[in-house]
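Student: Just the structure for this:
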Amino acid sequence: MQIGIPAEIRAGETRVAATPETVKKLAGSGHHKLLVQSGAGAGCSIPDSEFAAAGAAVAHSAAEVYGCDIVLKVRGPEPGELAMLKSGGVLIALLAPYKKEGIEAIARTGVTRKSLTGIQKASSWPMIRTPAAAASRPTSSAASRSAVAAASWSMASALPPGKLTSPL
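Tutor: All right, here's what the predicted structure looks like:
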């Protein structure tokens, strides 16, 4: 399966959905090919070269990344990103369930949605319970950078090659 990691375009969002360490784990499984949008890690000081060294190809357009079987994002897609989502693909992101029109717009794209809200553990400490709980938990810089990445990795690696889960 192809896993795409786009650059976040929401104002003020500096995170990336996967770190080079996460990319290395996913690429190392032999089941997935990773495509990271050029500049995706710029907001948290991760250059494209680190993603490439970890095993990802670097894409120069968002459309290439959104054409992947699985798309990992930090935040839900903005309206301009919705049209690029691959029908039948999987979107893993922090989705805002209280924004009904946003969830309905994503549903109309034909993608399977998986929200990171509610993830309990991906290591020995809680990753993300809710966006508010994540924001209130003191974390180190490295943990903050990779919280979404680790949760994304655990969800994406649980998807067998060639199989998609049912919609929420």
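
Student: what bits of the protein have low per-residue confidence?
Tutor: Filtered on pLDDT under 70, the chain yields the residue ranges 116-168.

Student: which residues in it form helices?
Tutor: For the chain, the helices defined by DSSP state H occupy 20-28, 48-53, 62-66, 79-82, 100-108, 131-136, 141-157.

Student: how many other residues sit next to residue 21?
Tutor: Residue 21 has 16 neighbouring residues, counting by other CB atoms under 10 Å. (Each C-beta comes from the backbone N, C-alpha and C, glycine too.)

Student: Also residue 99?
Tutor: Neighbourhood size, residue 99 [other CB under 10 Å]: 12.

Student: ok, now how distant is residue 59 from residue 2?
Tutor: 11 Å (CB to CB, to the nearest Å).

Student: typed the wrong thing, it's residue 110
Tutor: Counting by CB to CB, the separation of residue 110 from residue 2 is 17 Å.

Student: Compare those two and say which is more crowded by neighbours.
Tutor: Using other CB under 10 Å, the more surrounded residue of residue 110 and residue 2 is residue 2, with 17 against 12.

Student: Could you tell me how many residues sit around the residue nearest to residue 8 when sequence neighbours are not counted?
Tutor: Leaving aside its sequence neighbours, residue 8 sits nearest to residue 74 (CB to CB, 6 or more residues apart in numbering; 5.4 Å). If you count neighbours by other CB under 10 Å, residue 74 ends up with 23.
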